[in-house]
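S.K.: This is a predicted model, with the sequence first.
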Amino acid sequence: MNLFIFGSTGDLAKRKIFPALNEMNLKNLNIFAMGRRDFIDSVFLDFACKENCIIKDKIHYLRTSFEDGAICNECEKYLIKGETNYFYVSLPPSLFKIVFEQLKKIKDLGFEIKVLVEKPFGNSLNEAKELNLELTKFNLREDVFLNDHYLFKNEILNLEKKEFKQLKIVILEKLGLEGRITYYDSSGALIDMIQSHLLNILFKFLSKEEINNLKIISYNRLQYDTYEKELGKKSDTETFAKVLLKTGNKKIELITGKKLFEKETFVLIDNKRIDILEGKPYIKIFENFLINENKNFLTVESALIAWEIIEKIKQKKGKLKKYASEINFNELEK
């Protein structure tokens, strides 16, 4: 069984993907790390799987190029007919089309493929629609899984859909920009967290009809007081977002923010709190992906709906306010 990883030299691969695969240590899995850097296997292993690397003999680094579009020339010799070839994609959405084109060519050669794509699915509603058209045109819709690692945390997996009057979903972080300056300033808390995570959690609680009838009541946005200093320029980007929604008689709050007093993630269902722990979701993600089990992954339809809701939320956009770094969430709520 072969797994090809696009984005293998990125921070996510180093922090989450390779540690998860190392802990799983699947005996029949060969891992081909695709990257633009001029690495040899030993240099790449020092980057990606340095300590207690049980799977070092299973990892092979393959250099690729995105400039000419032939991003999988090196991987073609390792593809196997008669079994599924797995592809994991952790790249900017602007590169998805190139990847999808190459995967179509591989599929047209008679190889069976499955593809796991990291968030976000596009950077806007229009981009998401374009990617959906590409998947349809390339006949890849049934082969692509969309990932949100929050959906694979134990407490989220165990959530049961039930009636409620009030629901509050909160994801708070202690960290600030964490070296993600360019990306974060162009997205902000609304897209980085609410579009990519909180709405996906919310969908687990609602029927399709309730999702279609969601009404946006308000959207409050704030920025922590040292953000512009870290960024090095003025910015209208929110680092804290609070969205109030309603569907039928159900009231919903979605809240996320950076540079707060403590990190916490929880769901409050009619005042009953469920804390969402860090856990090791990527182990569950790859366990599901490598057996072609898609029930816990996002669908393209849900990604499009999330973007549609974000567009409606933006229409409620208010004036940006400031908050003190490392403030206690309870104080911020007042």
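M.R.: Good, I have the coordinates. Residues are numbered from 1 along each chain as shown.

S.K.: Spatially central residue in the protein, please.
M.R.: Lys119 (3.3 Å; CA atoms, centre = their mean).

S.K.: List the single closest residue to that residue in space, sequence neighbours excluded.
M.R.: Ser196 (4.6 Å; CB to CB, 6 or more residues apart in numbering). The C-beta positions use only the backbone N, C-alpha and C, and glycine is treated the same way.

S.K.: likewise Gln315?
M.R.: Ile216 (7.5 Å).

S.K.: Mind listing what's buried along the helix or strand hosting Ile216?
M.R.: According to DSSP states H and E, Ile216 maps onto strand 215-224. The neighbour-count criterion (16 or more other CB atoms under 10 Å) identifies 216, 219-224 as the buried residues of strand 215-224.

S.K.: Can you get me a residue count around Asn154?
M.R.: Asn154 has 13 neighbours, counted by other CB atoms under 10 Å.

S.K.: Quick check: it touching Gly279?
M.R.: Yes - under the criterion of CB atoms under 8 Å, Asn154 makes contact with Gly279 at 5.4 Å.

S.K.: Stretch 98-109: how far from the chain's middle?
M.R.: 23 Å (CA atoms, centre = their mean, to the nearest Å).

S.K.: Residues touching the top helix by length along the chain, excluding its own?
M.R.: In the chain, taking DSSP state H as the definition, the longest helix is helix 300-314. The contact list for helix 300-314 (CB atoms under 8 Å, 6 or more residues apart in numbering) reads 121-122, 124-125, 128-129, 132, 135, 141, 144, 146, 190-191, 194-196, 199-200, 203, 211, 214, 216, 219, 243.

S.K.: what do you get if the cut-off is 6 Å, keeping everything else the same?
M.R.: 121, 125, 128, 132, 146, 195, 199, 203, 216, 219, 243 (CB atoms under 6 Å, 6 or more residues apart in numbering).

S.K.: Contact partners for Ile285?
M.R.: Phe152.

S.K.: Restricting to C-alpha, output the helix or strand that contains it in CSV.
M.R.: Using DSSP H and E, Ile285 sits within helix 281-289. This file holds the C-alpha atoms of helix 281-289, laid out as CSV (Å, rounded to 0.1, in the frame of the first residue of the first chain):
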residue,chain,number,x,y,z
PRO,A,281,-6.9,13.0,15.6
TYR,A,282,-4.5,12.4,12.7
ILE,A,283,-4.2,8.7,13.7
LYS,A,284,-7.9,8.4,13.3
ILE,A,285,-7.9,10.4,10.1
PHE,A,286,-5.4,8.0,8.5
GLU,A,287,-7.0,4.9,9.9
ASN,A,288,-10.3,6.0,8.2
PHE,A,289,-8.7,7.2,5.0
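
S.K.: immediately after the longest helix of the chain, which helix or strand?
M.R.: That would be, after helix 300-314 and using DSSP H and E, strand 321-323.

S.K.: next structured bit after that next one?
M.R.: helix 329-333.

S.K.: Just the terminal-to-terminal distance for stretch 160-178.
M.R.: With CA to CA, to the nearest Å as the measure, stretch 160-178 spans 34 Å from end to end.

S.K.: which of the residues in it are buried?
M.R.: 164, 167-173, 176-177.

S.K.: For it, which outside residues touch it?
M.R.: 184, 193, 198, 201, 205, 230, 251-260, 263-270, 329.
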